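>>> The following comprises the amino acid sequence and a computationally predicted model.
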Amino acid sequence: MIKIDLLKNHLNHITKLMQLCTLVIFVLMNNIIVFAAPVQKINFWNTQQKGANIFNRNITSDDIKAAKKYGIKFIRLAPDKFASLHRDFLIGNADDYRGLIKEDLEQLKKILDICYQEKMPIVITMLSLPGSRWKQNNQDRDDLRIWKDEKYQTQTALFWQDLAKALKDHPAIVGYNLLNEPHPERIFASKEVHINTVHQEEAQQMLYDFYNRIIKHVRLIDKDTPIILDSSAYADAKTFRLLMPQEDQNILYSFHMYEPYEYTNHKMNKGKYQYPGCINQKQWNQKALAEYMSAVSRFQKAHNIASDKILVGEFGGHRMSAGLERYFEDLITIFDKEGWHFAFYAFREDTWDGMDYELGNNKLPWSYWQAIERGENPELNRKSTYSAFSMIKKALNENHP
């Protein structure tokens, strides 16, 4: 009897082993996504990740498939432009948050499901929060109430707690980027203030307290999803000299890079500047770009923060800027050297063509805009061979130590 029992046990072990092998084979054959299991989300960021921003009104599976084909490893997604029956998508009304809008949440989840099906990780960010309505949805005016009235920060913490509860188990999500380009320093002046000299100490303290409150609320619900924090002055790299790190270890710190702005902004450039070259009485080249971003690496050294906790959440320039491919090449060379994650802005934006690098550097034909006015959805002649996009595509598919 003992031998028979032992034989039965061996057969049971063999059967379980065969079942496990079958499961492993099934996973490999179907290329099932494993990057976003809750306990593994921070592991996604262990190696340098190269992505793109999509801030669109509509996102289709074709967009995601194209992004995947080009080598885009993650998408930073802002849902604020999605259609809603309410004043502000998801939030309902940024003047008074009362809970997530159910139908908006379902719409967002459908997009996330598409991304999951295409094996595309997502960082979700918000352009609007309670008391901080996105400028383009606010008659082109800054909404600074969130920095002046604590009730909006309380509402924001509840909003992110609600959103974390709704999304924490979604397998596409690999990061919560709490607020896109915060600028609390603006409350100290009615006009634009200089980011390097004015009120940054106050701004960073406000930002630290604001983030700390939200992080605590989120972590009550979701202890695993990485949280991504933009610095002040619209996430400018130079403000990292005063950025205050949070105690939570599951944090990435983010900046955006569009400097020199006189070059990357088409209205300011108007064909006057090219890269590399003298821009606004300063010589801009790779060395100058590295110097502009040097506060980030100093922040890392001062606070013992690894490069895999730094994200260049946005970088880009108007597609008509002369020398844009060299600008991208030099920026990406620096990002790779530092080991920072990065996401270019933007991939196939459907509300503005200025940073759609697959369109080259010429104006779109007038017939396109006429079709838009008629409510049509005309096809764009996108090509991956245009110089600026070719540089990005090359970088996306290069591996660096």
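Cool, got the structure. Please read these numbers as outputs of a predicted model, since none were measured by experiment. Residues are numbered from 1 along each chain as shown.
>>> Between its first and last residues, how far does stretch 312-327 reach?
End-to-end distance for stretch 312-327, by CA to CA, to the nearest Å: 15 Å.
>>> can you check stretch 68-78 too?
Using CA to CA, the two ends of stretch 68-78 sit 18 Å apart.
>>> Next, the buried residues of that stretch.
For stretch 68-78, a neighbour-count test (16 or more other CB atoms under 10 Å) marks 70, 71, 72, 73, 74, 75, 76, 77, 78 as buried. Just so you know, the C-beta spots here come from the backbone N, C-alpha and C atoms, and that holds for glycine as well.
>>> and it, average pLDDT?
Stretch 68-78 shows a mean pLDDT of 98.
>>> Check the offset of it from the chain's centre.
Distance of stretch 68-78 from the chain centroid (CA atoms, centre = their mean, to the nearest Å) equals 10 Å.
>>> which residues sit against that stretch?
Identification of contacts with stretch 68-78 by CB atoms under 8 Å, 6 or more residues apart in numbering yields 44, 49-55, 59, 64, 67, 111, 115, 118-127, 174, 177, 180, 313-314, 343, 347, 384, 393, 396-397.
>>> Map the structural domains onto the sequence of the chain.
1-32, 41-396 (automatic domain parsing).
>>> hey, least reliable of the ones you listed by pLDDT?
Note on the domains of the chain: domain 1-32 shows the lowest mean pLDDT, a mean of 48.
>>> So the spatially most central residue of the chain: helix, strand or coil?
Nearest to the mean C-alpha position of the chain, by CA atoms, centre = their mean, lies residue 76 at 3.2 Å. Each residue gets one of three states, and residue 76 gets strand by DSSP: H, G, I helix; E, B strand; the rest coil.
>>> ok, now how distant is it from residue 214?
Distance of residue 76 to residue 214, computed by CB to CB, to the nearest Å: 18 Å.
>>> Next, count neighbours for residue 284.
Residues lying near residue 284 (other CB atoms under 10 Å) number 23.
>>> how about it, what does it touch?
260, 263, 275, 276, 277, 278.
>>> elements contacting the host helix or strand of the second one?
Assigning secondary structure by DSSP states H and E places residue 263 in helix 261-264. For helix 261-264, the helices and strands in contact under the criterion 3 or more CB pairs under 8 Å, 6 or more residues apart in numbering; DSSP states H and E are helix 266-269.
>>> Give me whichever of the domains of the chain is most buried.
For the domains of the chain, the largest average neighbour count (mean count of other CB atoms under 10 Å) is found in domain 41-396, namely a mean of 18.
>>> Give me the distance from stretch 320-329 to the chain's centre.
Counting by CA atoms, centre = their mean, stretch 320-329 is centred 22 Å from the centre of its parent chain.
>>> And it, end to end?
Distance across stretch 320-329, first residue to last, is 16 Å (CA to CA).
>>> Also stretch 75-91?
End-to-end distance for stretch 75-91: 22 Å, by CA to CA.
>>> quick one: which of the buried residues of stretch 68-78 is nearest residue 250?
Residue 250 lies nearest to residue 74 out of these, by CB to CB, at 16.7 Å.
>>> Please tell me I have it right and residue 360 contacts residue 319.
Yes. Between residue 360 and residue 319 a contact is recorded at 7.0 Å, counting by CB atoms under 8 Å.
>>> shared neighbours of those two, which are they?
Counting by CB under 8 Å, 6+ apart, nothing touches both residue 360 and residue 319.
>>> tell me the contacts of residue 240?
Contacts were defined as CB under 8 Å, 6+ apart; by that measure residue 240 touches 231, 253, 255, 295, 296, 298, 299.
>>> Name the helix or strand for residue 295, please.
Element membership for residue 295, per DSSP H and E: helix 294-303.
>>> Show residues contacting that helix.
Helix 294-303 is touched from outside by 237-241, 243, 245, 253, 255, 305-307, 310, 338, 340, with contacts defined as CB under 8 Å, 6+ apart.
>>> Go ahead and confirm residue 269 touches residue 258.
No. Applying CB under 8 Å, one finds residue 269 not in contact with residue 258, separated by 11.6 Å.
>>> now the helix holding residue 263, how far from the centre of its chain.
With CA atoms, centre = their mean as the basis, helix 261-264 stands 21 Å off its chain's centre.
>>> Output it as PDB - backbone C-alpha positions only.
Provided in PDB are the C-alpha atoms of helix 261-264 (Å, rounded to 0.1, in the frame of the first residue of the first chain):
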ATOM      1  CA  TYR A 261      11.300  78.200 -26.000                       C
ATOM      2  CA  GLU A 262      12.000  80.900 -28.500                       C
ATOM      3  CA  TYR A 263      13.100  78.200 -30.800                       C
ATOM      4  CA  THR A 264      10.600  75.400 -30.200                       C
END
